[in-house]
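>>> Everything below, folded, please.
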Amino acid sequence: MRFLPIALIAALAACEPVVEDAPRSAPAVQQTPVGPKLSTRAALRNFSAVVDRVEPVAERVCRQRTRDLNCDFRIVIDDRPGQPANAYQTLDRNGRPIIAFTVPLIAEARNRDELAFVMSHEAAHHIRGHIARQQRNATVGALVFGQLAGALGAPNSVETAQQIGASVGARSYSKEFELEADALGTRITAAAGFSPLKGAEFFFRIPDPGNKFLGTHPANADRLRTVQRVAASL
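Numbers count the residues shown, from 1 in each chain. Got it, this is the predicted structure:
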């Protein structure tokens, strides 16, 4: 089931979103030249078409790979002002999976393949249970760091240690989760009739996080290799 706010369509028709440029590291391998930015109308058409094709495939894959998991995806647009080009997966109060796109990301995507890959990647996060796994990691991290502070005789620092531990725990497997979502997202993208290799070219236009310690995302080159490897096996 999809949800396209009428207010957003009116807002996009009135003005073109602006995406600020940020310093970018050179990609390991340049595949194809980046195409021009699409018009607002073309971007909206692409987004609507991608939702229609990717959502049912993502829900089917979700039901095939999981048990007792809510697979009724809801695609929404985060039209809050000032948001960067971003997409994310979350859950509503009833545990229903939400995939949200910001307005700048829809405007930034050069083609339907890129939108399809991003949407499939976010759906894969839900299918692989990454939110629950990250919460468990945060809980374990808070427990371990809290116990360590207590053992060192610093009772006043236990709460702070727990907060630090929760942050470390939540980040400890985030890179692994991103690569898992890239791999499964590649399969969903292809199953929906889009090109995951063309879709992954979106990596060429986002800042490369490199391989920072406890960073939340792996290097773009690692993500591209994952997509290429899985795509070659299809």
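>>> Low-confidence stretches in the chain?
1-35, 134-173, 206, 208-217 (pLDDT under 70).
>>> Name the SS class of D182, please.
In terms of secondary structure, D182 is helix; the call rests on DSSP: H, G, I helix; E, B strand; the rest coil.
>>> first vs last residue of stretch 84-96, how far apart are they?
By Cα to Cα, to the nearest Å, the extent of stretch 84-96 from end to end equals 24 Å.
>>> hmm, who's touching that stretch?
Defining contact as Cβ atoms under 8 Å, 6 or more residues apart in numbering, one finds that stretch 84-96 is touched by 19-20, 70, 72, 74, 78, 97-102, 104-105, 107-108, 118-119, 121-123, 125-126, 130-131, 206. The C-beta positions use only the backbone N, C-alpha and C, and glycine is treated the same way.
>>> Let me know the distance separating A124 from R187.
Using Cβ to Cβ, to the nearest Å, A124 is found at 8 Å from R187.
>>> neighbour-wise, which of the two wins?
A124 (27 against 18; other Cβ atoms under 10 Å).
>>> which helix in the protein runs the most residues?
helix 40-65 (DSSP state H).
>>> which residues of this structure fall in strands?
74-78, 87-91, 97-102 (DSSP state E).
>>> tell me what the first one is packed against?
Where contact means 3 or more Cβ pairs under 8 Å, 6 or more residues apart in numbering; DSSP states H and E, strand 74-78 is packed against strand 97-102, helix 103-108.
>>> Would you mind giving those as TSV with distance to D182 added?
Putting those into TSV (distance: least, Cβ to Cβ, whole Å) gives the following:
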stretch	distance to D182
strand 97-102	15
helix 103-108	17
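>>> Determine which of the ones you listed approaches A58 most closely.
strand 97-102 (8.4 Å; Cβ to Cβ).
>>> Quick one: list the elements packing against that closest one.
Using 3+ Cβ pairs under 8 Å, 6+ apart, strand 97-102 sits against strand 74-78, strand 87-91, helix 112-127.
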